[in-house]
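> How does the following fold in three dimensions:
(2 chains)
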Amino acid sequence: MAVALPRRRDDQIGPLGVLDPPDIQIECAAFTGSLGMLFVCVRERKIDLLDVPLAPICEAYFQYVIGSAADDLESSAVALTALAYLLERKAWVLIPAPEVDEPEADDLFDQVEPYVHEFVPIIEDLLTRREERESLFFRAADPVLPYEVPFDTGDVTPNDLARAFERILSRAKPDTVEPLSRPRRSLSDQMILVLKALPSEFQSLEEIVVGEFTRSEVVWWFLALLELIRLGQASVRLEEGEVQFAKKAQEAAS
Amino acid sequence: MLFVADSPATPEELAQAIGVPTYEVEEGLEKLGGRYIHTSALQLVRIAGGYQICTKPEYAEIVTRFLRPQQQKLSRSLMEVLAVIAYKQPITIAEVDEVRGVESSYGVRQLVERRLACEVGRRSTPGRPVLYGTTQQFLHTFNLQSLDDLPRIMGDADIAEMVGQGVPPEQPALPEFSNPSLL
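Got it, this is the predicted structure:
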């Protein structure tokens, strides 16, 4: 997701009915456009707010507020109001809706309260078809769960792995905050990187991960290692109480 | 192949797997269906765009006792949302709201979770709203071969036609009064 910082401009009445929110440009999979347009779309339910990550927008907001608070208090207040509006809307969406004990569809026509009258006969027809369908039994239509490739970790227990993770995590430096320009990273990319770095001979995590690293880099490393073990491309063993990793033998040969 | 298939198989899929022309598969399916009619507790049905073997309805009670299937509850509002999506697809949540006059996002999400509706694209309008449509599972659940099997929705023209039924084409002429002063 990309968020462009606002350009300063004259205040005007905007879609919230008050001053226009800052001109932050948002680009994500679910929405492309200005913040004002996002408000309009959210209010008119044209997009699903669940698909729009609010954290980067909040950060852009905070930068705007911090940058403009000294000379433009009113505009900053509008920005915060708008932010609160979006967050509240998303929070309501995220709260699981209580299961309303609605009447069964069979009772549908006893308590007709149709919002769309022309659909009532359609619903009746669908229910009849469903009833007919319920008298037919097919072979399992549910998708079969994908086959899990077995993997071997020998004597290494999840606790051993957790201890190795904690040990290297304690040596990591805190991440520097670069929220707006952080490149997107995938576990697949990290797995390729880790696979290249894995030695053929068993080594501890401290020996494999050289140089300085941050806490999030350690997390990425460890997740990639676990996935490689699961896929049978990395081996793990316990040597004198220390967990060691290596590239799987056939991988090394190939 | 129909026995191992856990979803409807089209004649084209079967023909490709067997390596024979599609018309031969269709002939074979017809013969197989005919053979099942009198000699088996199974039947061959056309559903969700393909063919599938299932038990005959007369054995439903016995099979139900054996399988004890859990009935999936579909509430009144969910049925309404589903009907709107089925007829107006591809449709956005905002348009479903507009047709129903009430908020429908929860209902749409429920239908997506139950695999009766799914995201089919995005409208190229500001905000790129998600478009929803029905799924193969919808056809299967409601015993439909395709969306064409859905009953036609009654439009204004149909209602006008129904209103016109039974009404004489021309009203009888009013009697003429000879004395206009009576009027």
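> residue contacts, A:Arg185?
Neighbour list for A:Arg185: A:Trp220 [criterion: C-beta atoms under 8 Å, 6 or more residues apart in numbering or on different chains]. Every residue, glycine included, has its C-beta placed from N, CA and C.
> Can you tell me how far it is from chain B?
25 Å (C-beta to the nearest C-beta, to the nearest Å).
> Could you confirm whether any residue of stretch A:24-38 contacts chain B?
Yes: judged by C-beta under 8 Å from any C-beta of the partner chain, stretch A:24-38 and chain B are in contact via A:30-33, A:37-38.
> Any chance of a ChimeraX selection covering the buried ones in the residues you listed?
Here is the ChimeraX command that selects the buried residues among the residues of stretch A:24-38 next to chain B (16 or more other C-beta atoms under 10 Å in any protein chain shown):
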select /A:30,31,33,37,38
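> Dump the residues of stretch A:24-38 next to chain B to TSV, plus secondary structure, distance to A:Leu127 and pLDDT.
Below are those laid out as TSV (DSSP: H, G, I helix; E, B strand; the rest coil; distance: C-beta to C-beta, whole Å; pLDDT from 0 to 100):
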residue	secondary structure	distance to A:Leu127	pLDDT
A:Ala30	coil	34	75
A:Phe31	coil	37	79
A:Thr32	strand	41	79
A:Gly33	strand	41	80
A:Met37	helix	41	79
A:Leu38	helix	39	80
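> Farthest-apart pair in the residues of stretch A:24-38 next to chain B, please.
Across the residues of stretch A:24-38 next to chain B, the longest distance by C-beta to C-beta is 12.5 Å; it joins A:Ala30 and A:Met37.
> coming back round to it: closest to A:Glu59 among the residues of stretch A:24-38 next to chain B?
Closest approach between the residues of stretch A:24-38 next to chain B and A:Glu59, by C-beta to C-beta: A:Leu38, at 15.3 Å.
> And the pLDDT at B:Leu14?
Note for B:Leu14: predicted pLDDT of 92.
> Please apply the same query to B:Pro90.
We have a pLDDT of 90 for B:Pro90.
> just the helices in chain B please.
Ranges of helices in chain B, per DSSP state H, are B:11-18, B:22-39, B:60-67, B:76-88, B:93-100, B:105-113, B:136-141, B:156-164.
> Does anything pack onto the fifth one? Which helices or strands?
With contacts defined as 3 or more C-beta pairs under 8 Å, 6 or more residues apart in numbering or on different chains; DSSP states H and E, helix B:93-100 has these neighbours: helix B:76-88, helix B:105-113, strand B:130-134.
> Kindly report the domain assignment for chain A.
Using automatic domain parsing, the domain ranges for chain A come out as A:2-94, A:148-174+A:185-253.
> repeat for chain B
As assigned by automatic domain parsing, chain B contains the domains B:11-67, B:76-154.
> Mind putting the ones you listed into TSV with distance to A:Leu187 and mean neighbour count?
Below are those laid out as TSV (distance: least, C-beta to C-beta, whole Å; neighbours: other C-beta atoms under 10 Å in any protein chain shown):
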stretch	distance to A:Leu187	mean neighbour count
domain B:11-67	34	15
domain B:76-154	24	19
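> TSV please, covering those domains and showing distance to A:Ile168.
Listed next are the domains of chain B as TSV, based on distance: least, C-beta to C-beta, whole Å:
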stretch	distance to A:Ile168
domain B:11-67	51
domain B:76-154	39
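> nearest to A:Leu87, of those domains?
domain B:76-154 (17.7 Å).
> so what's the backbone phi/psi at A:Leu238?
Per-residue torsions, A:Leu238: phi -110, psi 120 (degrees, to the nearest 10).
> who does it bridge with?
A:Val243 (DSSP bridges).
> For the most centrally placed residue in chain B, give me phi and psi.
Centrality entry for chain B: nearest residue to the mean C-alpha point is B:Leu150, 4.1 Å, by C-alpha atoms, centre = their mean. Dihedral pair for B:Leu150: phi -70, psi 140, per degrees, to the nearest 10.
> Just give the nearest non-adjacent residue to it, would you?
Closest residue in space to B:Leu150, ignoring its immediate chain neighbours: B:Ala86 at 6.2 Å, by C-beta to C-beta, 6 or more residues apart in numbering or on different chains.
> May I ask you to confirm that that neighbour is in contact with B:Thr135?
No: here B:Ala86 does not reach B:Thr135: they are 10.4 Å apart, not a contact under C-beta atoms under 8 Å.
> quick one, what contacts A:Ala91?
For A:Ala91, the contact set (C-beta under 8 Å, 6+ apart) is empty.
> From chain B, how far off is it?
With the distance defined as C-beta to the nearest C-beta, A:Ala91 ends up 15 Å from chain B.
> what's the answer for A:Arg133, then?
For A:Arg133, the distance to chain B (C-beta to the nearest C-beta) stands at 4 Å.
> count of residues packed around that residue?
20 (other C-beta atoms under 10 Å in any protein chain shown).
> dump the residue contacts of it.
Listed by C-beta under 8 Å, 6+ apart, the contact partners of A:Arg133 are B:140-143.
> rerun that using 10 Å as the cut-off
Residues near A:Arg133 by C-beta atoms under 10 Å, 6 or more residues apart in numbering or on different chains: B:45, B:47, B:54, B:57, B:139-144.
> do the same with A:Val156
Contacts for A:Val156 (C-beta under 10 Å, 6+ apart) come out as A:164, A:229, A:235-239, A:243-245.
> Please tell me the pLDDT value assigned to it.
The model's pLDDT for A:Val156 equals 84.
> tell me which element it falls in.
Secondary structure from DSSP states H and E places A:Val156 outside every helix and strand.
> Next, give phi and psi for it.
When read as degrees, to the nearest 10, the backbone of A:Val156 gives phi -70, psi 120.
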